[in-house]
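Asks: What follows is a predicted protein model with its sequence.
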Amino acid sequence: MPTSVESPQRITLLGATGSIGQSTLDVLARHPSRYRVYALTAHRKVDALAALCQTWQPEVAVVATASDAQRLQELLRDGAAATTVRYGAQALADVAAAPAVDTVMAAIVGAAGLLPTLAAVRAGKRVLLANKEALVMSGAIFMEAVAEHGATLLPIDSEHNAIFQCLPNGTPVSLTATGIDSLVLTASGGPFLQASAAELAAVTPAQAVKHPNWSMGQKISVDSATLMNKGLELIEACWLFSATPDQVEVVVHPQSVIHSMVRYADGSVLAQMGQPDMRTPIAHALAWPERISSGVAALDFTRMGSLSFEAPDSTRFPCLRLAREAICAGGTWPCVLNAANEVAVAAFLAGELSFQGIAEVIEAVMQQMPVRPASELATILSADQEARACATRYIAAQSALASD
Ligand SMILES: NC(=O)C1=CN([C@@H]2O[C@H](COP(=O)(O)OP(=O)(O)OC[C@H]3O[C@@H](n4cnc5c(N)ncnc54)[C@H](OP(=O)(O)O)[C@@H]3O)[C@@H](O)[C@H]2O)C=CC1
Ligand SMILES: CC(=O)[C@@H](O)[C@H](O)COP(=O)(O)O
Ligand SMILES: [Mn+2]
């Protein structure tokens, strides 16, 4: 296996200050001759981005606003003179599509990642997709753009990366024609797997962001706790692997050792296993089709204990059902589901909504928003905005009722 290549891959890392960003830089640091960082982006963590720029000396760094850019420029004055500082949405799209870039790690959280990730796809880059919300929102347009512009799309989400590894030869055009019966997404069940409905009513944001197995950003941690993460992943799997919703199963596997599986027509089930550490899928996608070291410890089967499996409970955790309804209805509904979820999770984290209120908000917004065809990006962006406004109004109305 080669340990170096002649010219290093140049990388734009969207969301460098986040959990995936940190794991990506950890892997890159292990292979300095294979990879060079071209651009690093953040939203508001200017100090953290400045520290990363000192270490990585990217050509470009991007933040949200002019004042953040000015502050970053000041912080970099002495240490990273080579870095050009930019800000705003156009700058994110530019560093994703820059001719100098080979590979884009799409690790911004939420809908904010859609336009820069699409820019990378439309520039035909090798796109490492962590930002599942982008694909959930715009699945058909996104996948058409991948095909039209010859982009290479590699899944980072641990389940989808696992499935990709269990497929015969990359992504098949048709699952059935490849002898595949179904894809099996594993779900940890989150921190409240054993909680009663009464206990769920009282859970706090601090409890919800404590994932039992993975260390992740706040938004995805809450999604794991509601099982919306698995709902988003169900939709993500349909687009990535040309699967129908009923070809995607979900099974709760609390140990997070098996990251997902593929069932074949002959009764074989192929599984990908590993430590719950995102450096494995990141290293896999960075180097694919080669393999490189990731820093992740080997699994010790003699100390692992037993692996267990159970069906998800859609009564206590309705979000998975809502996501299935959204992808079955198609059109703008997955985008609506995602937008309502983002608003509801933000309200929950701000202490303005109960844990169970998250699913209630999403269901109410889906009931109020029609399913429209999602063949234009403009339609998707306006459905996203409408659903956010609808969710915000619903939360305000519920809170007014509660204080009466
Ligand atoms: N963490 C994980 O293990 C996994 C994550 N994913 C997916 O990867 C994505 C990133 O997750 P994670 O790393 O946990 O998230 P984090 O919250 O840890 O990091 C998010 C990153 O996005 C940046 N960001 C936030 N809002 C904006 C915005 N409006 N515009 C531009 N940049 C923004 C943040 O910048 P700043 O820090 O400055 O705010 C940060 O760099 C998500 O879509 C998640 O679902 C998928 C599988 C596993
Ligand atoms: C690491 C990763 O891919 C997360 O999406 C993780 O899967 C969350 O775990 P659960 O959603 O299964 O709790
Ligand atoms: Mn996942």
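Replies: Yes, it's here. Ligands and ions are numbered 1, 2, ... in the order given.
Asks: Packing partners of the helix or strand hosting S23?
Replies: Using DSSP states H and E, S23 sits in helix 19-29. If you count contacts as 3 or more CB pairs under 8 Å, 6 or more residues apart in numbering; DSSP states H and E, helix 19-29 packs onto strand 9-14, strand 35-41, strand 103-106, helix 279-287. Every C-beta, even on glycine, is put in place using the N, C-alpha and C of the backbone.
Asks: mind checking which of those is nearest ligand 3?
Replies: Closest approach to ligand 3 among the helices and strands packed on helix 19-29 (CB to the ion): helix 279-287, 9.0 Å.
Asks: Quick one: the helices and strands packed on helix 19-29 as JSON lines, columns for mean pLDDT too.
Replies: Compiled in JSON lines, the helices and strands packed on helix 19-29 are given as follows (pLDDT from 0 to 100):
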{"stretch": "strand 9-14", "mean pLDDT": "98"}
{"stretch": "strand 35-41", "mean pLDDT": "98"}
{"stretch": "strand 103-106", "mean pLDDT": "99"}
{"stretch": "helix 279-287", "mean pLDDT": "98"}
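Asks: which outside residues touch the helix holding S23?
Replies: With contact meaning CB atoms under 8 Å, 6 or more residues apart in numbering, helix 19-29 is reached by 11, 13, 15-16, 35, 37, 40, 52, 56, 105, 107, 130, 156, 215-217, 277-279, 282-283, 286, 292, 294-295.
Asks: likewise stretch 372-383?
Replies: For stretch 372-383, contacts defined as CB under 8 Å, 6+ apart pick out 118, 137-141, 330-332, 335-336, 339, 369.
Asks: residues of the helix holding S23 that come out buried?
Replies: The neighbour-count check on helix 19-29 (16 or more other CB atoms under 10 Å) flags S19, I20, G21, Q22, S23, T24, L25, D26, V27, L28 as buried.
Asks: quick check, nearest of those to ligand 3?
Replies: Lowest distance from ligand 3 to the buried residues of helix 19-29 (CB to the ion) belongs to I20, with 10.8 Å.
Asks: Could you find the closest non-adjacent residue to the closest residue to ligand 2 within the stretch 251-400 of the chain?
Replies: Nearest to ligand 2, among the residues of the stretch 251-400 of the chain, is M278, at 5.7 Å (CB to the nearest ligand atom). Leaving aside its sequence neighbours, M278 sits nearest to S23 (CB to CB, 6 or more residues apart in numbering; 4.5 Å).
Asks: what's the answer for F164, then?
Replies: Counting by CB to CB, 6+ apart, P155 is the residue found nearest to F164 once chain neighbours are left out, at 5.3 Å.
Asks: so what's that neighbour bridging to?
Replies: Per DSSP bridges, the residues bridged to P155 are L129.
Asks: Rebuild the contacts of stretch 372-383 as TSV, extending it with pLDDT.
Replies: As requested, those are exported to TSV (pLDDT from 0 to 100):
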residue	pLDDT
L118	98
M137	98
S138	98
G139	98
A140	98
I141	98
G330	98
G331	98
T332	98
C335	98
V336	98
A339	98
M369	97
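Asks: Which members of the residues you listed are classed as buried?
Replies: Among the contacts of stretch 372-383, those classed as buried by 16+ other CB under 10 Å are L118, M137, S138, G139, I141, G330, G331, T332, C335, V336, A339, M369.
Asks: name the element the fifth one belongs to?
Replies: Using DSSP H and E, the element containing I141 is helix 132-149.
Asks: Using the record's assignment, carve the chain into domains.
Replies: Domains of the chain are assigned by the TED database as 9-155, 158-312, 330-403.
Asks: closest one to ligand 3 among those?
Replies: Taking the domains of the chain one by one with CB to the ion, domain 158-312 is closest: 4.7 Å.
Asks: at contact distance from ligand 1, anything in that closest one?
Replies: Yes: looking at domain 158-312 against ligand 1 by CB under 6 Å from any ligand atom, the contacts come from W214, M216, G217, K219, I220, M278.
Asks: neighbouring contacts of the helix or strand hosting A198?
Replies: Per DSSP H and E: A198 is located in helix 197-200. With contact meaning CB under 8 Å, 6+ apart, helix 197-200 is reached by F192, T315, R316, F355, Q356.
Asks: If any of those are buried, put those into a ChimeraX selection.
Replies: In ChimeraX, this line selects whichever of the contacts of helix 197-200 come out buried by 16+ other CB under 10 Å:
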select :192,316,355,356
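Asks: ok so, going back, quick check: what element follows the helix holding A198 along the chain?
Replies: Next element after helix 197-200 (DSSP H and E): helix 205-208.
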